[in-house]
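[1] the following block contains a protein sequence and its predicted model.
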Amino acid sequence: MDSKTKIAVFVSGGGTNLQALIDAEKAGKITSGEIVLVVSDKEDAYALERAKNNGIKTAVITKKKGEQEDFENRLLAVLAENGIQMIILAGFMCILSAAFTSKWPKRIINIHPSLIPSFCGKGCYGLHVHEKALAYGVKVTGATVHFVNEIPDGGEIIFQKAVEIEDGDTPEILQRRVMEQAEWILLPRAAEKVAKEIAEKGDNYGHL
């Protein structure tokens, strides 16, 4: 393996999963990839501060209603400019079109806070997922890392990890437990796995 896979992390909010990735890279758990860019669709996302505090380049690309193609073209431009080979969606709240995802086959991964196919798809994000799990009365939930395609939460599953639901759980308490016991463990593990596979191919990414 000649060089590390260049990774961009897409964010929209606080960046707790981004922090888990940064910490894993520093701890030597991610060795095949390097986070070189953090992209946010929100100018005030705290994740941008996390990136800056760790010396990672940032970019803000905002999206207005009805400008999906222009938004994605701007994303592609900043990815090409930074030689990105892999994308990690870490709390990124924008759906990417088939035109975008088809350019990155098995090179975009996402973390979802449930055991897909439960509580996933359109409208299932953030706290909503945990609200649905509690309302349904399931005894076990968890997190899933999957490849991203044109179907929300519909790509091939890479890793899953179960988390027990406990008496008295609120959506907020459950969200925190799923992060600590599943998301922050699975996402770095999947990042290393996919980055290694890309690096071993030895290709200078040229799908754009």
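    Cool, got the structure.
[2] which residues touch residue 153?
    110, 112, 116, 117, 120, 121, 124, 144, 146 (Cβ atoms under 8 Å, 6 or more residues apart in numbering). For every residue, glycine as well, the C-beta is placed using N, CA and C.
[3] now do the most centrally placed residue in the chain, the pLDDT please.
    Residue closest to the mean C-alpha point of the chain, counted by Cα atoms, centre = their mean, is residue 89 at 2.3 Å. pLDDT, residue 89: 97.
[4] on the three-state scheme, the spatially closest residue to it that is not a sequence neighbour is what?
    Nearest residue to residue 89, sequence neighbours excluded (Cβ to Cβ, 6 or more residues apart in numbering): residue 110, at 4.1 Å. Using DSSP: H, G, I helix; E, B strand; the rest coil, the structure places residue 110 in strand.
[5] in the sheet, who's paired with residue 110?
    residue 89, residue 146 (DSSP bridges).
[6] returning to that earlier point: dump the contacts of residue 153 to TSV, plus neighbour count and distance to residue 190.
    As requested, these are exported to TSV (neighbours: other Cβ atoms under 10 Å; distance: Cβ to Cβ, whole Å):
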residue	neighbour count	distance to residue 190
110	23	10
112	23	12
116	19	13
117	11	18
120	21	16
121	13	20
124	19	20
144	24	10
146	22	9
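[7] any stretches of the chain with poor pLDDT?
    Within the chain, the ranges that satisfy pLDDT under 70 run 1-2, 203-208.
[8] thinking again about what came up before, quick one: which two of the contacts of residue 153 are the most distant?
    Using Cβ to Cβ, the contacts of residue 153 span at most 14.3 Å, a distance reached by 110 and 117.
[9] for the protein, which segments count as strands?
    Listed in chain order, the strands of the chain (DSSP state E) span 5-11, 33-40, 57-60, 86-89, 108-112, 140-147, 157-164.
[10] in JSON lines: those, plus distance to residue 97.
    Converted to JSON lines, these look like this (distance: least, Cβ to Cβ, whole Å):
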{"stretch": "strand 5-11", "distance to residue 97": "14"}
{"stretch": "strand 33-40", "distance to residue 97": "16"}
{"stretch": "strand 57-60", "distance to residue 97": "19"}
{"stretch": "strand 86-89", "distance to residue 97": "14"}
{"stretch": "strand 108-112", "distance to residue 97": "12"}
{"stretch": "strand 140-147", "distance to residue 97": "16"}
{"stretch": "strand 157-164", "distance to residue 97": "22"}
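[11] so which of these gets nearest residue 23?
    Checked against Cβ to Cβ, the stretch from those lying closest is strand 33-40, at 11.1 Å.
[12] for that closest one, packing partners?
    Packing partners of strand 33-40 (3 or more Cβ pairs under 8 Å, 6 or more residues apart in numbering; DSSP states H and E): strand 5-11, helix 16-26, helix 46-53, strand 57-60, helix 68-81, helix 184-201.
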